[in-house]
Structure formats: C-alpha cells, structure tokens
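> whatever this is, show me its structure:
(chains A and B)
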Amino acid sequence: MSKKILFSVLIIALLSLLPIILGLDYYILLATYIIFYAALASSWYIPGGMAGQLDFAAASYLGIGVFISGTLITFWEIPYWVTLPLGGLGAMALAIGLGYFTFRFGLREVFYALASLASVLSLQFLFLLWKDVGGPIPRYIYQKGLTFMRFDSNIYYYYLMLFFMIIALLIGYKISKSKLGYFLRCIRDDEDAAEVLGINTRACKLKALAIYAFLTGLIGTAYVVFVGSYDYTIFDPEISLLIVVVALAGGSRVIYGPFTGALVLVSVRELFRSQLGAIRGLSWIFYGVVLLVIMLLKPSGFVTLFEKVYKKNVGKISRSKKESFSKKNKNNREPSHEKD
Amino acid sequence: MLKIVNLTKSFGGVVAVNNLSLKISKGKIMGLIGPNGAGKTTLMNLISGLIKPDSGKIILKNKNLTDMEPHQIAQLGVSRTFQLTRVFNEMTVLENLIGIAYTKYKDLDFIIEKSMSLLELLELTRLKDEPAINLSGGQQKLLEIGRACVTDPEILLMDEPFVGVHPKLKKIMIKFLKYLKEQKGFTILLISHDMKTVTELCDEVAAMNEGRLIARGSPKEIQKNKKVIEAYLGE
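Prediction:
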C-alpha cells in the first residue's frame, strides 16, 4: 500500500515537472489535452468503473460546465472562480435529472448507455437552436487575467487540468474505500442481488453519477478558459466515446486504469496526429485496433497486466516465506477444505 | 413473525402462486417442498420483493411488505440466498460480506470482526482475500449464506442451498444452519428437495403444488401425506 502511495506521488511529481521538461508551449498544449482526458477518465471511473454503468454522457456534463462558465464570463464578466462551482453544480443537476428518470424506469446496461449518449445529441441540438446562449457561431472569451483565468501561456491550464485530475483521483480513491464504494461494487457485480440484500441501488447510482457530473462540470469550466471559445459542438459524442474507450483499454476496474489508459492512448493518438497529419477518422482506426488487441489479450485492461506481475512477485515472496515457515513448523498446519 | 395472506401471482396464463396463505413462527426453520414448477421460488421472490404480487399481503412484524422496494424489505430484516448462486464475483470473499454488512452497521472494525467470525464458522477464512469468482460452486453457496446472515436478519430465505454441493461442504452448511437456529434463534424458510436434510433441520414443512399450499406439518407427517406423494409422483 505504501509502495502504491509512493508510486502515485512519484507520478504526480513527474507530471508536475513535465512542463519544465517539455519547454515548448506547443508540447505543453498537447500535454494539457492529455491531462484533460485523463481527468475526465478519472471522473468516469466513479460510475463507470466502480458501479459498472456504461455512461456516455460525459460530453453532456462537460458541455454544461463549458456553457455555464463561458456564458457567465462573456455575458456578465463574472469571475471564473465564481463560475467554477456553478459549472459543476449545473452538470450535477443535469445528472440527477437524467439519472432519476433513467434509473426510475429501470434502464440498464446497453439501454442506459444509449440513453446517456442520446443526452449528448439532444443537448447539441438544443444549444445549436438556443441562439441567445448558444447558436451556430462560436463565442469568444476576450477577457484576460487571473480573474477570468485567461492567459497567453498554456502552462496555467496544464496545472489547472492536473489539479482537477488529482482531485478526481483522490475523490475516486476516497469513495472506493467508503461504504458507497462497497455498495457501488456490489451493484457492478450483481445489481438485483445487491438490491435484494438491502442496498438502495438507485440512490447509490445517482450519488455516483452526481459526483462524476460535478467533477466533469468543473473540468468543463477549465476547458472553456483553456480554449478561449465555445459553441454547441462541445456536446460531442466522440468525447464521450473516447473517455469510455481509454477507460476500458486502461482497465475500468482499478482506479488508475482509466487515468493510465488516457495518458497512454491519448499521447499515442497525439503522436500519430503530429506524425501522420490530421486525417479524419485515423485516430478511431487506431482506437479500434487497440481495443481489439486488448479485448483479445487483456479484457480487464492493460494496467491489470502490471498488477498481475506485481501480485505474482508478491505471491512468490509470500509463498517462499510460507514454505520456510512450514518447514520449521511441520505440525502447525492451518485447517482448510479443498475445492469440491 | 412472517404472515402471507391470500397471495396470488400470475405470469400470463400461468398462476405461479395461487391464493396462498402461510405463517412462519419466530425461531423456527420451515421447509418448503414441492415438485418443479410448484411456485416455491416465485413465493420467495415475492417475499423478498423481486416481483410484486397481483393480490394478497405479506406481513412481517405487523408491517406490510407488499408495496415496498426490495432494499426496504431487506432493511426490515428479510435476507435471502438464490437458487443459482449470485455472489459478487469480482469482490473478495471478505468484501462480499462487508458490502452487505454496511447496509446495517456503520463501524468497519465491527463489520470486519463479524464477517471474519462468520467466515470461520463457514470454514472460508483461508479464502477471505480470494475473488468470489475463484471459489468452487459449493464454496460460493457457503459464501452466499454467510452474506445473507451478516446483517442478522429477522428471517432468512434459502432457495435450494444444497443443490450441487459436495457432501463435505454440505456438512459445514448443515452445521452452520443448526448453529443459526440453536445459538442465534434465526427464523428460516428453506426450499429444498433433499428430504433427508429437511427432516434433519426443519421444525415444520409446507408442501406446494401448482401454486397452492397442499399440506403442512412435521417433516414425518409430510412424508406420509397422500397429497404430497401424489404431487411428487404426478398422479
């Protein structure tokens, strides 16, 4: 456990020093995009990984955060730091509404996935047609300075995204060790059994969704000041798909799976894009191949490969210790029954 | 303790439970027998709230369970196991118990202590850190029983716990059920085709056929009951 904490601190320290290592603002821009997806995937772990809900609504919650923050800054010049919690709360309100109706009517698995994806498309049309707030033309944030979190250098946004990523990971970790975490994992493994044994499955799923949407909304507010403009295309099903793909490829069952999946796959995609040019659809072919390989070789995600190697080594150590112990205490055997 | 009054449930044209009334007394083990399709599992699903009845009432300690959600019924003290084992596969053996114990208790130390003592009684201590999916079918059945007992329920519903279980593990199971009855005063409704075990464990047996209650009495009386023999032989 302490080794895991040490490893996490090292990774975060490395990520914190990355802009200094990278130097060029263009590379920092790429790194910010990668951390942005890692933050989103880490938030997704709460309902997706822990509770097993195949949620495709990330772009909805992200978009709400973007629009709340963007609108308040551009229309009324409200400081970014005030819009920050409002973006999270707006996304959370949407999630509670969506979740209440989908869970109330028993939508599960693929049906829940489709309903959550439909929310992205619905919001895309809504904000395209709602000309007072959205409309077809992008809106720009001209304000500058710390009040509006608008800077020329990307380094500030890199740290802002990194901060949200760490917050998402810490909240995910805290939940995984809590009562809610146990309940969510029971729901993931067998929702009906969990309900019949006393877990209020609907309330637990709703809580997970609300926390995830709040975090995603916060990331949305950071995204809009990072990009400096916004329009209805933020409600992009590709963003939702990408988060689920990287989370599954990394390993949705462990907290660092979605985060690692995002770090590795988005980095490789950006590398491909910079080397092969922005050929539309190329990144999806890449993800398709990656997913195929992972589904064939490691369906639980590639991070579990390292976990197994770690467990195998630990197992070897403990086995050798046990063997030496049992040699000394031949008569002191623990009672056990064999598998039937 | 548990009172079932004129309970009816149909699936399309099939009446699975037909105007059934039954009382289960506190601290007793009641066996529920009957041929396949008699409606035993449907009755258990109705009590635990997985399905809702067309008519009739289920009353536990003067509270009507009929319109409650399954988790509310469980929190009132109805726990169960399933015919086809449904453990939380990716969670470890200990976590299976902790997850459900949290529905009643708050203190994790107490929960762990309680779970460990149950695992010891079920002889699963050695496997506490093993994911439940790695256990054999019989061990999963044992785990399911432990999980259902971890909240100290008012009534425990057990659906065919002995099917496909190795005699060695069955022995552990029977010993554990006797412990629950004698030491903890549990009330249990036990569905089983294993008449020998039913006779050994149950204070009373109810027999069902075609959704109706056809007989009720001591295990020995039920074995001699003509209606029960006819139902099993299909005459």
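
> OK, contacts around residue 188?
Unless you meant another one, I'm taking chain A. Shown in contact with residue A:188 (Cβ atoms under 8 Å, 6 or more residues apart in numbering or on different chains): A:50, A:51, A:52, B:90. Quick note: C-beta positions are derived from backbone N, CA and C, even for glycine.

> my bad, chain B
Counted by Cβ under 8 Å, 6+ apart, residue B:188 has contacts B:28, B:29, B:30, B:155, B:156, B:157, B:158, B:177, B:180, B:181.

> kindly report the same for residue A:117.
Contacts of residue A:117 by Cβ under 8 Å, 6+ apart are A:56, A:57, A:237, A:240.

> may I ask which of the residues you listed has the most neighbours?
residue A:57 (32 neighbours; other Cβ atoms under 10 Å in any protein chain shown).

> so which residue of chain B comes closest to chain A?
Closest to chain A within chain B is residue B:166: 2.9 Å, counting by Cβ to the nearest Cβ.

> what's the closest of the contacts of residue A:117 to residue A:175?
Residue A:175 lies nearest to residue A:57 out of the contacts of residue A:117, by Cβ to Cβ, at 18.8 Å.

> how much space between that closest one and residue A:109?
According to Cβ to Cβ, to the nearest Å, residue A:57 stands 15 Å off from residue A:109.

> now do residue A:182
Going from residue A:182 to residue A:109 by Cβ to Cβ gives 21 Å.

> of these two, give the one with the bigger neighbour count.
More crowded of residue A:182 and residue A:109, by other Cβ under 10 Å: residue A:182, with 28 against 11.

> what helix or strand is the more buried one on?
helix A:179-189 (DSSP states H and E).

> following that helix, which helix or strand comes up?
helix A:191-196.

> next, see if whatever helix or strand comes next after that following helix gets close to chain B.
Once the chain leaves helix A:191-196, the next helix or strand it forms, by DSSP H and E, is helix A:201-227. Yes: counting by Cβ under 8 Å from any Cβ of the partner chain, chain B is contacted by helix A:201-227 at residue A:201.

> give me the angle between helix A:201-227 and helix A:179-189.
Between the axes of helix A:201-227 and helix A:179-189, defined by axes from the mean of the first three to the mean of the last three Cα atoms, to 10 degrees, the angle is 100 degrees.

> who touches the next helix-or-strand element following helix A:201-227?
Sequence-wise, the next helix or strand downstream of helix A:201-227 (DSSP H and E) is strand A:229-230. With contact meaning Cβ under 8 Å, 6+ apart, strand A:229-230 is reached by A:66, A:67, A:70, A:138, A:139, A:140, A:141, A:224.

> which strand or helix spans the third one?
Read that as residue A:70. Here residue A:70, judged by DSSP H and E, is contained in helix A:58-76.

> quick one: the next helix or strand after that helix to chain centroid distance?
Note on helix A:58-76: by DSSP H and E, the next helix or strand toward the C-terminus is helix A:80-104. When C-alpha coordinates are averaged (Cα atoms, centre = their mean, to the nearest Å), helix A:80-104 and its chain have centres 16 Å apart.

> same question, stretch A:213-231
Remark: stretch A:213-231 is offset 14 Å from the chain centroid, using Cα atoms, centre = their mean.

> now that stretch: buried residues?
For stretch A:213-231, a neighbour-count test (16 or more other Cβ atoms under 10 Å in any protein chain shown) marks A:213-228, A:230-231 as buried.

> as PDB, could you dump the C-alpha coordinates of it?
The C-alpha trace of stretch A:213-231 is given here as PDB (Å, rounded to 0.1, in the frame of the first residue of the first chain):
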ATOM      1  CA  ALA A 213     -21.000  15.000 -13.300                       C
ATOM      2  CA  PHE A 214     -19.900  17.600 -10.700                       C
ATOM      3  CA  LEU A 215     -16.200  16.800 -11.400                       C
ATOM      4  CA  THR A 216     -16.800  16.700 -15.200                       C
ATOM      5  CA  GLY A 217     -18.600  20.100 -15.000                       C
ATOM      6  CA  LEU A 218     -15.600  21.600 -13.200                       C
ATOM      7  CA  ILE A 219     -13.300  20.200 -15.900                       C
ATOM      8  CA  GLY A 220     -15.700  21.800 -18.400                       C
ATOM      9  CA  THR A 221     -15.200  25.300 -16.800                       C
ATOM     10  CA  ALA A 222     -11.400  24.800 -17.000                       C
ATOM     11  CA  TYR A 223     -11.700  23.700 -20.700                       C
ATOM     12  CA  VAL A 224     -13.600  26.800 -21.800                       C
ATOM     13  CA  VAL A 225     -11.000  29.200 -20.400                       C
ATOM     14  CA  PHE A 226      -8.200  27.000 -21.800                       C
ATOM     15  CA  VAL A 227      -9.700  27.000 -25.300                       C
ATOM     16  CA  GLY A 228     -11.000  30.600 -25.100                       C
ATOM     17  CA  SER A 229     -14.100  29.900 -27.100                       C
ATOM     18  CA  TYR A 230     -17.200  27.700 -27.000                       C
ATOM     19  CA  ASP A 231     -20.100  26.600 -29.100                       C
END
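
> need the contact partners of stretch B:175-183.
Residues from elsewhere that reach stretch B:175-183 (Cβ under 8 Å, 6+ apart): B:27, B:29, B:121, B:122, B:142, B:145, B:149, B:156, B:186, B:188, B:190, B:201.
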